[in-house]
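Chemist: sequence? don't have it. structure:
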């Protein structure tokens, strides 16, 4: 399933929300709202208002993935919602980078335009009109000033998604590394962008700000696109179990071990249970060991003829799963997968403890749609 992500309308709505909050902070600072204890503290000088709004806007753009994580919610397919027994892939806070590229690249300019509108509104009643030739002073008189702001905000959002792509790449198998990259990258980005916006952007000469914005936008986009592409490929390989076809993995004198040799290309094992071969006189059906396998596509019972030769005896859809059971019959452990509207699948052998854990795990899966950790 491809991740859809939030709609353009939701992205615009969030951009307007950010602009509104920033404008409110600008207005309160511009009006001279200060601490009760000291009128000279931060927020009491109306001439700080441009710095405040620039700092807030760039800082928010630098953590854009946080807003996208909120907007993304639980983006599972309709079939998964209709069928709670269908296994779901784990969700990550950075999954928005797997949305269509156009959607990812549009966040920056949409938010930048919303921010520019807030700046235009604030400039009309600002106590500090700005120094001519600076970004704030030229805002309403020089289009290069407005473009500088758009490019810098856009580039900041792109850098946030570039860091997020790097974190997303390790979100499946190296969660600690993913979290470290995300926290360090976004923390450093937020600090750098916020300080630059607060201390430098308002008074930065337009003649410098415009080429700086162009360069930042080009560099950030050049980083985001390949990092996102690599992250998607890495996550997809992991979600598919990193399982190439069985034949492609077999080298001279080497066979694929079960249940991998019974998997379809791209199929990933969620859990499995291996029984034991029983003596022919105690079981008249077969002496071959059997196993129960749950994948992200199906549930099947298979017979292991020899290593590298696993034969699927029967299979069912994940949506038919209703639970599992473990019991002792004639001194043999019997592990069973129960289904709705079809016969159960059972395999003999194994230990009572392992059988019980497997039965409990698939019962939880049937009820919640997720395996217990």
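Modeler: Received, thanks. Just so it is clear, the structure is predicted and the values come from calculations on it, not from any experiment. Numbering: from 1, shown residues only.

Chemist: distance from stretch 114-126 to the middle of the chain?
Modeler: The chain centroid and the centroid of stretch 114-126 are separated by 33 Å under CA atoms, centre = their mean, to the nearest Å.

Chemist: and it, which residues are buried?
Modeler: Residues of stretch 114-126 classed as buried by neighbour count (16 or more other CB atoms under 10 Å): 114, 115, 116, 118, 119, 122, 123, 126. In this view, the C-beta of every residue, glycine as well, is placed from N, C-alpha and C.

Chemist: for stretch 301-317, same thing?
Modeler: Using 16+ other CB under 10 Å as the test for burial, stretch 301-317 gives 301, 302, 303, 304, 310, 316.

Chemist: ok, back up a step: of the buried residues of stretch 114-126, which belong to strands?
Modeler: Using DSSP state E, no member of these falls within strands.

Chemist: identify, from these, the entry nearest to residue 370.
Modeler: residue 114 (37.3 Å; CB to CB).

Chemist: does that closest one really touch residue 19, like I thought?
Modeler: Yes. Counting by CB atoms under 8 Å, residue 19 is a contact partner of residue 114 at 4.3 Å.

Chemist: show me where the stretch 201-350 of the chain has strands.
Modeler: 269-274, 290-295, 299-306, 309-316, 321-329, 332-339, 345-348 (DSSP state E, counting those that start in this stretch).

Chemist: wait, which of those is closest to residue 131?
Modeler: Short answer: strand 269-274, nearest of those by CB to CB, at 62.8 Å.

Chemist: what stretches of the chain score poorly on pLDDT?
Modeler: The model of the chain has pLDDT under 70 over residues 1-5, 33-44, 72-91, 239-256, 277-287, 307-308.

Chemist: give me the domain ranges for this protein.
Modeler: 8-239, 258-368 (automatic domain parsing).

Chemist: deepest in the core, which of these is it.
Modeler: A comparison of the domains of the chain by mean neighbour count, using mean count of other CB atoms under 10 Å, puts domain 8-239 on top with a mean of 19.

Chemist: and that one, how far from the chain's centre?
Modeler: That offset, for domain 8-239, works out to 18 Å (CA atoms, centre = their mean).

Chemist: residue 11 against residue 71, yeah?
Modeler: Yes. Using CB under 8 Å, residue 11 is in contact with residue 71, at 7.3 Å.

Chemist: you'd agree residue 31 is up against residue 48?
Modeler: No. Look at residue 31 against residue 48 with CB under 8 Å: they stay out of range, at 11.7 Å.

Chemist: what is in contact with the two at once?
Modeler: Overlap of the contact sets of residue 31 and residue 48 (by CB atoms under 8 Å, 6 or more residues apart in numbering) is empty.

Chemist: what about the helices in the stretch 51-200 of the chain?
Modeler: 64-72, 78-82, 101-124, 143-169, 175-196 (DSSP state H, counting those that start in this stretch).

Chemist: tell me which of these sits nearest to residue 329.
Modeler: Across the helices of the stretch 51-200 of the chain, residue 329 has its closest neighbour in helix 78-82 (35.8 Å, CB to CB).

Chemist: measure residue 267 to residue 329 for me?
Modeler: With distances taken as CB to CB, to the nearest Å, residue 267 is found 31 Å from residue 329.

Chemist: actually residue 215, sorry about that
Modeler: Distance from residue 215 to residue 329, by CB to CB: 73 Å.

Chemist: then residue 203?
Modeler: 83 Å.

Chemist: repeat that for residue 372.
Modeler: 26 Å.

Chemist: go on, residue 93?
Modeler: Residue 93 is 47 Å from residue 329, by CB to CB.

Chemist: likewise residue 349?
Modeler: As judged by CB to CB, residue 349 and residue 329 stand 11 Å apart.

Chemist: center of this protein - which residue?
Modeler: What sits nearest the mean C-alpha location of the chain, by CA atoms, centre = their mean, is residue 95, with 1.8 Å.

Chemist: surely it and residue 168 touch.
Modeler: Yes. Between residue 95 and residue 168 there is a contact at 6.7 Å, judged by CB under 8 Å.
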